[in-house]
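A.B. asks: model this:
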Amino acid sequence: MAELITWYDILGVTAGAAADTISYAYGQRTALLRPEVFSGAPSPVLAAATRAHEAVQAAWLVLGDPERRNRYDKEIGLYRGRVRGFAQGPHHYGQDPFEGLRAADGLLDGDAGLAFTTLAAWLVPQPAPPRRRLIVPDTRGLFFRSCQAVVAVAGLRLETVQLTAEPSPVEGLVAGQFPAPGSRARHLSTLTVQVWHPPRRRPGV
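C.D. replies: All right, here's what the predicted structure looks like:
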């Protein structure tokens, strides 16, 4: 089974992070995803931003609520020292990490439900690929540091293409990739991702 991304990974924090750290990370992510930041951006970038926004909101829905977070931490094995996902490195397992949250919390209703549906490829186990082959993960809509962790755990090499000529000094967003998500690749093959940053503002503009 493929490893999963945790909500901690989406916000760029380690599992078990303090509540104020999570709140700060959420604020940083939402600031980078303000609609005006993407004004004039090409459609693949806008699609990635939409996906990223849904992921960040869903992560905050879980991690920003102490009760939901506590239940989620138990689901991902945090208290047993085997966190599922990329926040603490590679781990293998075969259960849906949200099994105990879905019906009990109504967590799949409304906007949160849309986010879970959109992110299904990230957040549920995938079939094992043929021997010596792996399934290329979907990195579109991930911030770059999360993308780096995903690609490393997947067993691929990462190559980046910068989409912005004069990027602002903020974390970039992955807008495209090759090979395509879900395709088969050999261990240590190269995954090329297109990373977009908002352009740097020039003085007086």
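
A.B. asks: Flag the shaky bits of the chain, pLDDT-wise.
C.D. replies: 1-4, 79-131, 202-205 (pLDDT under 70).

A.B. asks: For it, just list every one of the strands.
C.D. replies: If DSSP state E is used as the criterion, the strands of the chain fall at 133-135, 157-162, 173-178, 184-186, 190-196.

A.B. asks: looking at it, residue 162 is touching residue 192, isn't it?
C.D. replies: No: contact criterion CB atoms under 8 Å: residue 162 and residue 192 do not qualify, at 11.6 Å. C-beta: built from backbone N, CA, C; applies to glycine.

A.B. asks: isn't residue 180 right up against residue 135?
C.D. replies: No: under the criterion of CB under 8 Å, residue 180 is not in contact with residue 135, lying 10.9 Å apart.

A.B. asks: Which of those two has more residues huddled nearby?
C.D. replies: residue 135 (18 against 10; other CB atoms under 10 Å).

A.B. asks: What is the burial count for the closest residue to residue 190 other than its chain neighbours?
C.D. replies: Counting by CB to CB, 6 or more residues apart in numbering, the nearest residue to residue 190 once its immediate chain neighbours are dropped is residue 157, at 4.6 Å. Under the neighbour criterion other CB under 10 Å, residue 157 is assigned a count of 12.

A.B. asks: again with residue 10
C.D. replies: Residue 10 has 32 nearby residues by other CB under 10 Å.

A.B. asks: And for residue 178?
C.D. replies: 13.

A.B. asks: tell me which residues form a beta bridge with it?
C.D. replies: residue 192 (DSSP bridges).

A.B. asks: Residue 30 versus that one, what's the distance?
C.D. replies: In this view, residue 178 and residue 30 are 29 Å apart by CB to CB, to the nearest Å.

A.B. asks: what do you get for residue 48?
C.D. replies: 15 Å.

A.B. asks: now residue 75
C.D. replies: Residue 75 is 25 Å from residue 30, by CB to CB.

A.B. asks: more crowded one of those two?
C.D. replies: Legend: neighbour count by other CB under 10 Å for residue 75 and residue 30, higher for residue 75 (18 against 13).
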